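could you work out the structure for the sequence below:
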Amino acid sequence: MRDWTSLFLNLNWRDVVDILAVTVIIYNVFVLVRRTRAVQMMLGLGVILFLYVVSDAGRFFTLHYILDAFLESAIIIIVILFAEDIRRGLMRFGKNPFSAGQYVASAEFLDELIRSVQALINRRIGAIIVVERGTGLKDYIDEGVPLDAGVSRELLISIFLPSSPIHDGAVIIRNGRIIAAGCFFPLADDLDLDRDLGTRHRAALGISQKSDAAVLVVSEERGEVSLGYLGHLDRDLNPDELYNRLGKLLA
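Alright, predicted model coming up:
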């Protein structure tokens, strides 16, 4: 007890900053990997580390030798296993706070976007509409069909009609203009995703996990719209809810 009391009494401001920094990093790592396969891999590494300690204490030389050799390369193994999560984490840490929400949507843009979504719902046409924010989506834009047009119901409906050759992909909007269609995103691989979610919703979640974009996904089966943002999906929003949430994200 005295040792703990002495430890706290001898803390200086550097120790406090050090502890806070480590706490923030651990918290962000936890937030980053939760609901992903990375959690299982971290548990697996934890079991290996536990066995390493047990093998050392119990003098199980062969097991300890194998685990020791494995853990010597642990950094490389962790980088390989968690490459996607590390990339996503660095992207979030390095995000320019001044660029987030850089695009400010006008009321006219929001009105037309909401009316377009409602028109897609009424016609039971599935769609993904991505509004770019601070994180650039150039990699996905380059793989799509380039466009440069204002947002309109007629254009969005024509893009997502089942007879359109690019209806399976997503539309990306930058600075209030549609700049690409037919864009494809990696699918979310969360373990606890609703099994009812199809490929379109998983793609919407996937791009929302890799960027700070506002992602609208229209379900042709259920006739509803969902909003994806930072790996979360709010489903079955009515026009007022969608307008309010988009207004906050794009303000």
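
residue 15 versus residue 9, what's the distance?
The spacing between residue 9 and residue 15, counted by CB to CB, to the nearest Å, is 11 Å. Backbone N, C-alpha and C define where each C-beta goes, glycine included.

the stretch 51-200 of the chain: helices as residue ranges?
61-72, 74-81, 83-93, 107-122, 138-143, 153-160, 199-210 (DSSP state H, counting those that start in this stretch).

make JSON lines out of those helices and add mean pLDDT and distance to residue 25.
JSON lines is the format used below for these (pLDDT from 0 to 100; distance: least, CB to CB, whole Å):
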{"stretch": "helix 61-72", "mean pLDDT": "85", "distance to residue 25": "21"}
{"stretch": "helix 74-81", "mean pLDDT": "77", "distance to residue 25": "15"}
{"stretch": "helix 83-93", "mean pLDDT": "68", "distance to residue 25": "9"}
{"stretch": "helix 107-122", "mean pLDDT": "93", "distance to residue 25": "37"}
{"stretch": "helix 138-143", "mean pLDDT": "88", "distance to residue 25": "27"}
{"stretch": "helix 153-160", "mean pLDDT": "93", "distance to residue 25": "42"}
{"stretch": "helix 199-210", "mean pLDDT": "89", "distance to residue 25": "20"}
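
just those: most buried one?
helix 199-210 (a mean of 22; mean count of other CB atoms under 10 Å).

distance to residue 183 for the helices of the stretch 51-200 of the chain - can I get that in JSON lines?
Conversion of the helices of the stretch 51-200 of the chain to JSON lines gives the following (distance: least, CB to CB, whole Å):
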{"stretch": "helix 61-72", "distance to residue 183": "41"}
{"stretch": "helix 74-81", "distance to residue 183": "28"}
{"stretch": "helix 83-93", "distance to residue 183": "18"}
{"stretch": "helix 107-122", "distance to residue 183": "17"}
{"stretch": "helix 138-143", "distance to residue 183": "5"}
{"stretch": "helix 153-160", "distance to residue 183": "11"}
{"stretch": "helix 199-210", "distance to residue 183": "9"}
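
out of these, which is closest to residue 170?
Ranking these by their distance to residue 170 (criterion: CB to CB) puts helix 199-210 first, at 7.0 Å.

show me what that closest one is packed against.
If you count contacts as 3 or more CB pairs under 8 Å, 6 or more residues apart in numbering; DSSP states H and E, helix 199-210 packs onto helix 83-93, strand 127-131, strand 170-174, strand 214-219, strand 224-229, strand 232-234.

swap in 7 Å and give it another go.
The elements that helix 199-210 packs onto, with contact taken as 3 or more CB pairs under 7 Å, 6 or more residues apart in numbering; DSSP states H and E, are strand 127-131, strand 214-219, strand 224-229, strand 232-234.
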